[in-house]
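[1] predicted coordinates and the sequence they were generated for:
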Amino acid sequence: MTMTTRTKIKEVLKGAFINQTINVKGWVRTFRNNSFIAINDGSCINNIQAVVNFETTNPETLKRITPGACVGVTGTLVPSQGKGQTVEIIVSEIEIYGDAESDVTKPNSYPLQPKAHSLEFLREIAHLRFRTNTFGAVFRVRHTLAYAIHKFFNDKGFVYLHTPIITSSDAEGAGEMFRVSTLDLKNPPLNEQGDIDYKQDFFGKATNLTVSGQLEGELGAMAFSDVYTFGPTFRAENSNTTRHLAEFWMIEPEMAFFDLNDNMVLAEEMLKYVINYALEKNKEDIEFLSQRLIDEEKQKPQAERSELSLLEKLNFCLSHEFAKITYTEAIEILKESNHNKKKKFQYLIEGWGADLQSEHERYLVEKHFKKPVILTDYPKDIKAFYMRQNDDGKTVRAMDILFPGIGEIIGGSQREERLEKLETRMAEMHIPAEDLNWYLDTRRFGACPHSGFGLGFERLVLFVTGMTNIRDVIAFPRTPNNCEF
């Protein structure tokens, strides 16, 4: 059998090959009336319809055209006579590359039959869920967002820095880290105090999977001025919520000579850039996901429905300049709100010092300001050691960017460049200075004002796709008691 060079379905559907012989390859979505094959190759959300002549096609071949089977077809592209597509292929040759058992009564049958499947079910077969419209759209959008982030920083002259995945430092001071060790778990070596002797481990000290590339990123900023990291990070937090993963990706730029205001400007510009880029490059995917969300919302009680569609929410963030207020101002707004007074918040705001929850952040964005919000100048007691302290002795130059439907999407700060202040704060928080001597060197040798922020990539993908569970925007989620694939 001879086939012409393959053309991706995305290009075929543009209609440039009318009345030409073309070849497409992909996976069967449906096969109707022994004639109409819907084929998808993942290049776009739409299928191409291929029409076979069941009277002249080998009956054994027809039996093998089932959902999930991999096929290649050659034929003439013509305007479609039916509804639902503008063009179709009149098949002259067909080749089946891989079969898929479609009889659900038989073992190892293809689980993605032509019907609606719940997201919970699809998580159980995450290795196959890419073949559905929903997850095809989600992961094409994820790809575009990743590319847009690299393009944004590259075009601004940033250096992309690969920071280590294995580290001996805890950037956040949270302590919820995955241990990395080659020691015999059944019989680890012990020191004189009876503790595990990590000096005999591979690295000669206790090491973990990183929770952040920020500290190493700061080292790069002290030489290149502007750097960013984009890599996997890990938290051993035993949480099974729709917002938590044990393995996720972070974008962390660090900029020398940036104060907090510069930091806010860059973060807002970046978010608007990547959202707009996805809207331009993944128009059909996002329209599909928006309609999916509308259909899903119809199943909810009126009071629980979102006020904005996905497309409205994305454009909402693009069309508004972000509101900028201090934590102190936010606490006052929340404390005096009817929501708080009528005890509609799960966590009531009683006064200054409260650690804001997602419900408070969303209230500020969706109810009070009706635009994205940047909160600044948080109490130092609820923030990390490396944030620059304000002159009031109570607050730090921190910032969080809050989005509708999701709450915090970016967290950042101006970094503390003053050696004495940083050492004092580390001592207060019981962070051993000797373990971070290399970090303190950036304050000893040519220190300068500098700032940075962290964007959880899955949070961004969650927002742009409208998905409601973070496990649905990463290919193979890692969560407590779950490390499949």
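    Happy to help now that I have it.
[2] got any ranges where the protein has weak pLDDT?
    1-3, 170-175, 303 (pLDDT under 70).
[3] tell me the domain ranges of it?
    Domains of the chain are assigned by automatic domain parsing as 9-110, 133-176+211-472.
[4] do you know which of the ones you listed lies nearest residue 204?
    Closest to residue 204 of those is domain 133-176+211-472 (CB to CB; 9.7 Å). For glycine as for every other residue, the C-beta is placed from the backbone atoms N, C-alpha and C.
[5] for that closest one, measure first residue to last.
    End-to-end distance for domain 133-176+211-472, by CA to CA, to the nearest Å: 13 Å.
[6] report the distance from it to the chain centre.
    12 Å (CA atoms, centre = their mean, to the nearest Å).
[7] could I get the domains of the chain in CSV, plus columns for mean neighbour count?
    CSV is the format used below for these (neighbours: other CB atoms under 10 Å):
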stretch, mean neighbour count
domain 9-110, 16
domain 133-176+211-472, 18
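[8] so can I have a markdown table of those domains showing distance to residue 198?
    Conversion of these to a markdown table gives the following (distance: least, CB to CB, whole Å):
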| stretch | distance to residue 198 |
| --- | --- |
| domain 9-110 | 46 |
| domain 133-176+211-472 | 10 |
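[9] nearest to residue 194, out of the ones you listed?
    Residue 194 sits nearest to domain 133-176+211-472 of all these, at 20.9 Å, using CB to CB.
[10] all helices for this structure, in order.
    Ranges of helices in the chain, per DSSP state H, are 9-12, 59-64, 119-124, 133-155, 214-224, 260-281, 283-297, 310-319, 327-336, 338-341, 358-362, 419-428, 437-444, 457-465.
[11] what's the angle between the fourth one and helix 457-465?
    This means helix 133-155. 120 degrees (axes from the mean of the first three to the mean of the last three CA atoms, to 10 degrees).
[12] which elements pack onto helix 133-155?
    helix 119-124, strand 159-160, strand 226-234, helix 260-281, helix 283-297, helix 457-465 (3 or more CB pairs under 8 Å, 6 or more residues apart in numbering; DSSP states H and E).
[13] and for the fifth one?
    Contact partners of helix 214-224 among helices and strands, from 3+ CB pairs under 8 Å, 6+ apart: strand 226-234, strand 247-256, helix 437-444, strand 450-456.
[14] need the ones you listed in CSV (columns: distance to residue 405).
    CSV is the format used below for the helices and strands packed on helix 214-224 (distance: least, CB to CB, whole Å):
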stretch, distance to residue 405
strand 226-234, 23
strand 247-256, 19
helix 437-444, 36
strand 450-456, 15
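[15] out of the ones you listed, which gets nearest to residue 53?
    Among these, strand 247-256 comes nearest to residue 53, with 48.4 Å by CB to CB.
[16] give the pairing partners of the closest one; include direction for each.
    Strand pairing for strand 247-256, determined by DSSP bridges: strand 226-234 (antiparallel), strand 450-456 (antiparallel).
[17] to residue 477, which of the ones you listed lies closest?
    Closest to residue 477 of the strands paired with strand 247-256 is strand 226-234 (CB to CB; 12.7 Å).
[18] ok, now how distant is residue 329 from residue 242?
    30 Å (CB to CB, to the nearest Å).
[19] and if you look at residue 415?
    Residue 415 is 32 Å from residue 242, by CB to CB.
[20] give the contact list for the residue found closest to residue 20 once you drop the neighbours it is linked to in the chain.
    Excluding the flanking residues, the one nearest residue 20 by CB to CB, 6 or more residues apart in numbering is residue 77, at 5.9 Å. Applying CB atoms under 8 Å, 6 or more residues apart in numbering to residue 77 gives the contacts 12, 17, 18, 19, 20, 22, 87, 88, 89.
[21] any chance of CSV for those, columns distance to residue 408?
    Below are these laid out as CSV (distance: CB to CB, whole Å):
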residue, distance to residue 408
12, 42
17, 47
18, 50
19, 54
20, 52
22, 48
87, 45
88, 47
89, 48
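[22] residue 188 - how many residues pack around it?
    Other residues within reach of residue 188, judged by other CB atoms under 10 Å, total 14.
[23] re the thing from before, got the strands paired with strand 247-256 as JSON lines, with distance to residue 315 columns?
    Shown next, in JSON lines, are the strands paired with strand 247-256 (distance: least, CB to CB, whole Å):
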{"stretch": "strand 226-234", "distance to residue 315": "26"}
{"stretch": "strand 450-456", "distance to residue 315": "20"}
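[24] which one of the ones you listed lies nearest to residue 378?
    It's strand 450-456; of the strands paired with strand 247-256, that one is closest to residue 378 (CB to CB) at 13.6 Å.
[25] give me the contact list for the closest one.
    Strand 450-456 has contacts (CB under 8 Å, 6+ apart) with 212, 214, 217-218, 221-222, 248-260, 262-263, 266-267, 270-271, 397, 399, 409-415, 417.
[26] let me know the angle separating that strand from helix 214-224.
    140 degrees.
[27] now strand 450-456 and helix 437-444, what's the angle there?
    Using the same axes, to 10 degrees: strand 450-456 against helix 437-444 is 140 degrees.
[28] can I get strand 450-456 as PDB, trimmed to CA atoms?
    Extracted C-alpha coordinates of strand 450-456, given in PDB (Å, rounded to 0.1, in the frame of the first residue of the first chain):
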ATOM      1  CA  HIS A 450      16.200  43.000  44.200                       C
ATOM      2  CA  SER A 451      12.800  41.400  43.900                       C
ATOM      3  CA  GLY A 452      11.100  38.300  42.600                       C
ATOM      4  CA  PHE A 453       7.900  36.300  42.500                       C
ATOM      5  CA  GLY A 454       6.600  32.700  42.100                       C
ATOM      6  CA  LEU A 455       3.900  31.600  39.800                       C
ATOM      7  CA  GLY A 456       2.500  28.100  40.300                       C
END
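[29] mind saving the C-alpha coords of stretch 342-357 as CSV?
    In CSV, the C-alpha atoms belonging to stretch 342-357 read as follows (Å, rounded to 0.1, in the frame of the first residue of the first chain):
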residue,chain,number,x,y,z
LYS,A,342,-23.2,38.1,58.7
LYS,A,343,-20.7,35.3,59.3
LYS,A,344,-20.7,34.1,55.7
PHE,A,345,-17.0,33.5,55.8
GLN,A,346,-15.8,30.2,57.0
TYR,A,347,-12.9,31.9,58.6
LEU,A,348,-14.1,35.2,60.2
ILE,A,349,-11.8,38.2,60.1
GLU,A,350,-11.4,39.5,63.6
GLY,A,351,-8.4,41.8,63.2
TRP,A,352,-5.0,42.5,61.9
GLY,A,353,-2.6,39.6,61.6
ALA,A,354,-5.0,37.1,60.2
ASP,A,355,-3.7,34.8,57.4
LEU,A,356,-6.0,35.4,54.5
GLN,A,357,-7.8,32.4,53.1
